[in-house]
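Chemist: Need coordinates for the following:
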Amino acid sequence: MVRARTGFSDADHSSVRLATLAAGGLDPPKSGPINPPVQRASTILYATVDEYMRRHDGFYDDVIYGLYGTETTYALAGAVASLEGAHMTVVTSSGTAAVALGLSTFLSAGDHLLVADTVYGATRRFCEEVLKRYGVSIEYFDPLLGGEIRSLFTPKTRAIFMESPGSQTFEVMDVSAITAEARPRAIVTLIDNTWATPLLFRPLEHGVDVSIQSATKYLSGHSDVMLGTLSAADESVYKRLKDTVGRWGNCASPDECYLVHRGLRTLDVRLERHQRNALALIDWLLEQSEVERVLYPALPSDPGHALWKRDFQGASGLFGVVLKTGLAVPAYRLCENRRHFRIGSSWGGYESLLVPAWPAPSRQFQPAPPPEQLLRIHAGLEDPADLISDLAEAFVMLSEGPK
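Modeler: Residues are numbered from 1 along each chain as shown. This is a model prediction of the structure:
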């Protein structure tokens, strides 16, 4: 039996760039299969009772039972950990599972949780419909609060959940300022970093305890996988996460792990193309009289640009478009009958998506545009000229109405 591979220390990868880590890692195989093979198993066999007893003392870095992961699972976990600069990563069955299990790890009845007001809708629903039911007090905060978040701390504050940029409206948070206030008080910080991936933003370097990815999206890149990851800043955080995921019986399929590990190989080049296509679309959109503004922190005009420029190494392909009022048709009508843009949830795959956006109506800070004005675009990997041509046909409806 092979001992599972753990994450890498800073000393191990300090001279290796992230694109190289994503493409092959620190120690690519010299012989045999170039990719870790799919290992499916429930039962793991042992040669002796002594070995069985020794290995079952813990499941943090050993393959002991299929529920906790096979060598395929740990290969992906180690690869993601190296990109995150983490002690180690726990793989879950979906991004939503990663959020739910991450929060469940650190919260109990009577605890106080601070949540960025602009988090993903499913995250907000978990807080409202599950955590509150189990006695956790939830308080939402302005994503632009920064270090002033300390004014919201109570003796029962146990965790802070962030997402940057914010879901659908793309506000950038001052993550370092928040963690600087939280860490001395032993308040755990978690962040959904799916938009940027660890190639464009590394939360653990900014003091975050747990970096969360919906690996369904950019890490996979092909819209055919459901998977999530929880990357821990240190061993104690990792063990708590691994315990919780195991106790809830959450299991990531080895086949899905293999597909995401394969997707990592092209993550760097895909992100570069996603950003390039997004900027080409945005340049065109900003010239259209029907567009009020574009929500994308890489734009110099964006309110979050200074923080994005300070902390991020690039931008992904997801952004928002706010249309002006008084147009012939509501924004969502542009999504229908397109040649290259599809209507569909999720993002981060090879395909371009165009959907109406409706941020949570209960948001308390940074009010979002009304649904009839707001669109969310994911720039895929197609030729940008074709995507612009498709949008140009759609925009005719805004002034002339449907034909």
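
Chemist: mind listing what's buried in stretch 342-349?
Modeler: R342, W347, G348, G349 (16 or more other CB atoms under 10 Å). C-beta coordinates here come from the backbone N, C-alpha and C atoms, glycine included.

Chemist: Name the nearest residue to the second one, ignoring sequence neighbours.
Modeler: On the basis of CB to CB, 6 or more residues apart in numbering, the spatially nearest residue to W347 that is not a chain neighbour turns out to be H378, at 3.9 Å.

Chemist: Surely that neighbour and H340 touch.
Modeler: No: counting by CB atoms under 8 Å, H378 stays clear of H340, with 11.8 Å between them.

Chemist: wait, what's in contact with S211?
Modeler: Residues in contact with S211 (CB atoms under 8 Å, 6 or more residues apart in numbering) are E84, A86, L190, I191, N193, P198, R202, P203, L204, L230, S231.

Chemist: now, which of those lie within strands?
Modeler: L190, I191, L230, S231 (DSSP state E).

Chemist: And the helices in this protein?
Modeler: Ranges of helices within the chain are 10-13, 18-23, 49-55, 71-84, 95-106, 121-126, 175-182, 197-200, 235-247, 254-264, 267-285, 305-311, 384-400, based on DSSP state H.

Chemist: Figure out which of those is closest to G147.
Modeler: helix 175-182 (3.8 Å; CB to CB).

Chemist: and which of the contacts of S211 is nearest K156?
Modeler: Out of the contacts of S211, the member with the shortest distance to K156 (by CB to CB) is L190, at 17.2 Å.

Chemist: quick revisit: can you pick the most crowded of the ones in strands among the contacts of S211?
Modeler: Within those, most neighbours by other CB atoms under 10 Å means S231, with 32 neighbours.

Chemist: ok, back up a step: how close does the residue nearest to W347 sit to K217?
Modeler: 9 Å (CB to CB, to the nearest Å).

Chemist: Touching both of the two, which residues are there?
Modeler: W347, G348, G349.

Chemist: quick revisit: would a markdown table of the contacts of S211 with distance to R54 and pLDDT be doable?
Modeler: Shown next, in a markdown table, are the contacts of S211 (distance: CB to CB, whole Å; pLDDT from 0 to 100):
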| residue | distance to R54 | pLDDT |
| --- | --- | --- |
| E84 | 30 | 97 |
| A86 | 26 | 97 |
| L190 | 33 | 99 |
| I191 | 36 | 98 |
| N193 | 36 | 98 |
| P198 | 34 | 98 |
| R202 | 35 | 98 |
| P203 | 35 | 98 |
| L204 | 31 | 98 |
| L230 | 27 | 98 |
| S231 | 28 | 98 |
